[in-house]
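**Q** sequence-free structure coming up:
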Ligand SMILES: Cc1cc2nc3c(=O)[nH]c(=O)nc-3n(C[C@H](O)[C@H](O)[C@H](O)COP(=O)(O)O)c2cc1C
């Protein structure tokens, strides 16, 4: 079996020396490459690091890059060795340990002016950041803003801890314990192994129900929750198929995306992929009704009032439950504008999926739809009371939901439909 690969980015913090014990722990479970920023290299000599740790240590964006031949007559491109791509290509995890305030800013704003920042822009692996800095730096509004931006984008933070700092001060900013960082990385890689053979089908976004060639009925769903779930499942190592209504979100690498417009098209696509799936999460906000008549030409305005006749759309969750195979775990979503728990329970009684995730939508305090954050309650037979996930970014929430599923239902047993 090939060993997983971890890229460690070291930046110019006084805590660089702690990376030695971290790498020694991680070497037991993964192949390690280190990229040091030039500031880090001032504090931890790359040659010495290489000798002590016996892992490759790189610092230079142009390492081993030969000047290009300027003779363009042949019209062919030379096959170049491009360090930021080569060193990050196979990494399953990028750990920035320790992370300076400067590097967090570069990561947040997408700078690519050295080997590490360029590799971070290139990688599709999850990026974890373990900050280390003086408390005043950590509490600086600019650093707080950068951290918020990175969290929103799905960057996972490890620490910092409160404690004695190298400068003699006491407060927030101390690097997370390397033992804890190594433990989390090991858990992540093991989880990747467990999810490797799991096929996940997710629906996301709104549907559009056309009235005529230029008009349609839809809702305020942005698709962000479903896309965050797809990204989180992919990061866990699952094979993910995402059936999405019309959204304005960037493509997700390594996720098979099926774009649909109407509820009926989503219904069809879900059935096409249902059989192959182990975990099915229906988070799309599917239109319950569609216009009964489709006008082939744009409807003309006149003075008379009009009545719109609506026809019910197929109920995807009910039909998925009817066609379920015994191994499948089925998760429904319920969006409510009032009496969330009562209404969600009613829906769950009618559509007894394994888990029902309820979220409040339609108010400014609980936007749910078209927001970067969400707060949910999970109903499941495994918990006597609904489990409450506090308001947080949809990215974090998606990871939390999948972790919860993994903890509650034994993955290896899904194929036998056994739960803990
Ligand atoms: C001895 C020394 C220790 C430093 N420790 C830290 C630190 O713990 N955290 C931090 O954010 N910056 C620290 N700095 C400042 C960074 O090295 C500086 O901001 C640098 O530009 C960071 O570059 P990099 O992010 O590319 O590694 C330290 C500087 C020196 C000289």
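**A** Great, that's in hand. Everything numeric in this text was worked out from a predicted model, so none of it was measured. Numbering: from 1, shown residues only.
**Q** which parts of the protein sit against the ligand?
**A** Counting by C-beta under 6 Å from any ligand atom, the chain comes close to the ligand at 11-15, 37, 39-40, 100-103, 132-133, 137. (Glycine included, C-beta is placed from N, CA and C.)
**Q** looking at this, residue 344 is in a strand?
**A** No: looking at residue 344 with DSSP: H, G, I helix; E, B strand; the rest coil, it is helix, so not inside a strand.
**Q** Please name the nearest non-neighbouring residue to it.
**A** Closest residue to residue 344 apart from its sequence neighbours, by C-beta to C-beta, 6 or more residues apart in numbering: residue 358 at 3.5 Å.
**Q** got the contact list for the nearest residue to residue 245 once chain neighbours are set aside?
**A** Leaving out its chain neighbours, the residue that sits closest to residue 245 by C-beta to C-beta, 6+ apart is residue 205, at 3.6 Å. Contacts for residue 205 (C-beta atoms under 8 Å, 6 or more residues apart in numbering) come out as 221-223, 226, 244-247, 284-285.
**Q** for residue 397, same thing?
**A** Neighbouring residues of residue 397 by C-beta under 8 Å, 6+ apart: 225, 228, 373-374, 376, 389.
**Q** List the contacts of the closest residue to residue 27 other than its chain neighbours.
**A** Using C-beta to C-beta, 6+ apart and skipping the chain neighbours, the partner closest in space to residue 27 is residue 55 (6.9 Å). By C-beta under 8 Å, 6+ apart, the contact set of residue 55 is 23, 27, 32-34.
**Q** Take these and write them to CSV, including pLDDT.
**A** Output for the contacts of residue 55, formatted as CSV (pLDDT from 0 to 100):
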residue, pLDDT
23, 98
27, 97
32, 97
33, 96
34, 97
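**Q** Let me have those residues in JSON lines, adding distance to residue 408 as columns.
**A** Shown next, in JSON lines, are these (distance: C-beta to C-beta, whole Å):
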{"residue": "23", "distance to residue 408": "34"}
{"residue": "27", "distance to residue 408": "33"}
{"residue": "32", "distance to residue 408": "33"}
{"residue": "33", "distance to residue 408": "36"}
{"residue": "34", "distance to residue 408": "37"}
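**Q** and these, which of them are in strands?
**A** Mapping those onto strands (DSSP state E) picks out 32-34.
**Q** Generate TSV for those residues, with neighbour count as supplementary columns.
**A** Output for these, formatted as TSV (neighbours: other C-beta atoms under 10 Å):
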residue	neighbour count
32	22
33	19
34	26
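**Q** which one of these is nearest the ligand?
**A** Distances from the ligand to these, taken as C-beta to the nearest ligand atom, are shortest for residue 34 (13.1 Å).
**Q** Quick one: buried ones out of the contacts of residue 205?
**A** Those of these that meet the buried threshold are 221-223, 226, 244-245, 247, 284-285, by 16 or more other C-beta atoms under 10 Å.
**Q** which residues in the stretch 251-400 of the chain form strands?
**A** Per DSSP state E, counting those that start in this stretch, the stretch 251-400 of the chain carries strands over the ranges 255-259, 279-282, 289-291, 310-312, 329-336, 355-360, 373-380, 387-393.
**Q** Nearest approach to residue 162 belongs to which of these?
**A** Of all the strands of the stretch 251-400 of the chain, it is strand 387-393 that lies closest to residue 162, at 21.7 Å by C-beta to C-beta.
**Q** tell me the phi and psi of the residue nearest to residue 245?
**A** Torsion angles at residue 205 (phi, psi; degrees, to the nearest 10) stand at phi 80, psi -180.
**Q** distance of it from the ligand?
**A** Plainly put, residue 205 is 38 Å away from the ligand if you go by C-beta to the nearest ligand atom, to the nearest Å.
**Q** and what of residue 18?
**A** For residue 18, the distance to the ligand equals 11 Å [C-beta to the nearest ligand atom].
**Q** same thing with residue 162?
**A** 15 Å.
**Q** again, but for residue 139
**A** Residue 139 is 13 Å from the ligand, where distance means C-beta to the nearest ligand atom.
**Q** That residue: what's it in contact with?
**A** Residue 139 makes contact with residue 172, according to C-beta under 8 Å, 6+ apart.
**Q** got it, and residue 255?
**A** Shown in contact with residue 255 (C-beta under 8 Å, 6+ apart): 230-231, 234, 240-242.
**Q** Spatially, what comes nearest to it if we skip its sequence neighbours?
**A** The shortest distance from residue 255 to any non-neighbouring residue, by C-beta to C-beta, 6+ apart, is to residue 240 (4.7 Å).
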